[in-house]
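# Below: sequence and its predicted model.
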Amino acid sequence: MTLAPRIPATVVTGFLGAGKTTLIRSLIRNAGGRRFAFVINEFGDLGVDRDLIRGCGDAGCRDADIVELANGCICCTVADDFLPTIQTLIERDDPPEHIVIETSGLALPKPLIKAFAWPEVRTRVTVDGVVAVVDGRAAADGRFADDPEAVARQRAEDPGLDHENPLEEVFEEQILAADMIVLNKADLMDAATAARARGVVDAHRRAATKVVAARDGAVDPRALLGIGAAAEDDLANRPSHHDGVDGEHDHDDFDTFTVAFDAVAEPEALEARLKAAVARHDILRVKGFLEVPGKPMRHAVQGVGDRFERYFDRPWAAGEARRGELVVIGLKPLDAGAIAAELGGRLSSAAGG
């Protein structure tokens, strides 16, 4: 009896706003008919990443092929959520040819990779590769460096670094686990900035890990897929700060909540208010959708720090509620009520913290 070949899975990691979803959308558009399934670990109360993938305008974005895990960080809910999801996908009558897993910005890759060695899935799925997406300009700024001198310099400019938080550690974990590092947003970096970003990545990556520069997350699928790493069999070569402590890690340094909006007639004015709020509060990431009066399409908003992107992503569906909601993610403590008021919105009834 010949065993069926194992389904390859690609794990896409990266800090908040690095460009993971953008990379996946690019992958879908250039997949050449390959049948994908997507497991999205949404951080926050609004399924923004799932909707962004659904809105890519490609037949590869079937609803049945996109699974959202919204019950917490994927590396902390492996047994309860992740493994049952993978089992459901591989036991379908039409199993996917490739599974793509987008982790939350806070996920540690190693516990997730270990899950693929569990008996329930080991003979059916393999980790083809771990791809870490890095915001090149943020890395160049030393935002994730563990060098005390670099942190001291950064603290003089960025009070957010005074927080005792796991950002640097999470960054290192993602780099150490990666088979490929995508140094994203290359169009926002000059040569000197790109060299600094590459230096930060090189200080932590394993020697065999490849680094590619990208703009808007565009990487040739032939480079992203088919790496053949079998990472679940290579755990010893992927060191972690949490080896020997059962993979425990602390997420308590982050707040997330959802701000609801009525129709927004002037999205550019809201963007100005968002940038002002980022300057006053420790906001790391903003993402969501707006209704613009008189426009038949939904208006997507994505922000990392004070850099924002807005665009109309798809038409509102027939019967779809035209609601405006933005997820705000930042370092504790965030004053959710004050931020919602500054933005001209209101806290969603689903808002958390």
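Here it is on my side, so go on. Residues are numbered from 1 along each chain as shown.

# Can you give me the neighbour number for residue 111?
21 (other Cβ atoms under 10 Å). Any C-beta I mention is one placed from the backbone N, CA and C, and that applies to glycine too.

# how close does it sit to residue 206?
Residue 111 sits 18 Å away from residue 206, going by Cβ to Cβ, to the nearest Å.

# Run through the helices of the stretch 1-150 of the chain in chain order.
20-29, 48-54, 83-90, 109-115, 119-122, 136-140, 148-157 (DSSP state H, counting those that start in this stretch).

# contacting residues around the fifth one?
Looking back up the chat, that one is helix 119-122. Residues external to helix 119-122 that are found in contact with it (Cβ atoms under 8 Å, 6 or more residues apart in numbering): 83, 86-87, 90, 115-116, 232.

# Tell me which residues touch the nearest residue to residue 342 once chain neighbours are set aside, please.
Spatial nearest neighbour of residue 342, chain neighbours left out: residue 277 (5.1 Å); criterion: Cβ to Cβ, 6 or more residues apart in numbering. Going by Cβ under 8 Å, 6+ apart, residue 277 touches 283, 339, 342-343.

# so where is the protein shaky, pLDDT-wise?
Along the chain, segments meeting pLDDT under 70 span 1-4, 42-64, 69-80, 144-166, 242-254, 349-353.

# how about the strands of the stretch 101-250 of the chain, start to end?
Secondary structure of the stretch 101-250 of the chain (DSSP state E, counting those that start in this stretch): strands at 125-135, 180-184, 210-213.

# Take the contacts of residue 277 and keep only those in helices.
Using DSSP state H, the members of these that fall in helices are 339, 342-343.

# would you turn the residues you listed into TSV with distance to residue 25?
Listed next are these as TSV, based on distance: Cβ to Cβ, whole Å:
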residue	distance to residue 25
339	28
342	30
343	26
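
# what are the bridge partners for residue 312, then?
Applying DSSP bridges to residue 312 gives these bridge partners: residue 299.

# burial count for residue 199?
Neighbour count of residue 199, defined by other Cβ under 10 Å: 13.

# any idea how far residue 305 is from it?
Residue 199 sits 21 Å away from residue 305, taking Cβ to Cβ as the criterion.

# again with residue 172
According to Cβ to Cβ, residue 172 stands 20 Å off from residue 305.

# same thing with residue 103?
From residue 103 over to residue 305 the distance is 21 Å, taken as Cβ to Cβ.

# more crowded one of these two?
Per other Cβ under 10 Å, whichever of residue 103 and residue 305 has more neighbours is residue 103, with 25 against 21.

# surely residue 302 meets residue 309?
Yes: at 4.9 Å, residue 302 counts as touching residue 309 under the criterion of Cβ atoms under 8 Å.

# Looking at those two, which one has more neighbours?
Higher neighbour count among residue 302 and residue 309: residue 302, with 20 against 14, using other Cβ under 10 Å.

# so which helix or strand takes in the more buried one?
strand 297-304 (DSSP states H and E).

# report the angle between the axes of that strand and strand 125-135?
Angle between the axes of strand 297-304 and strand 125-135 is 80 degrees (criterion: axes from the mean of the first three to the mean of the last three Cα atoms, to 10 degrees).

# Thanks a lot, see you next time.
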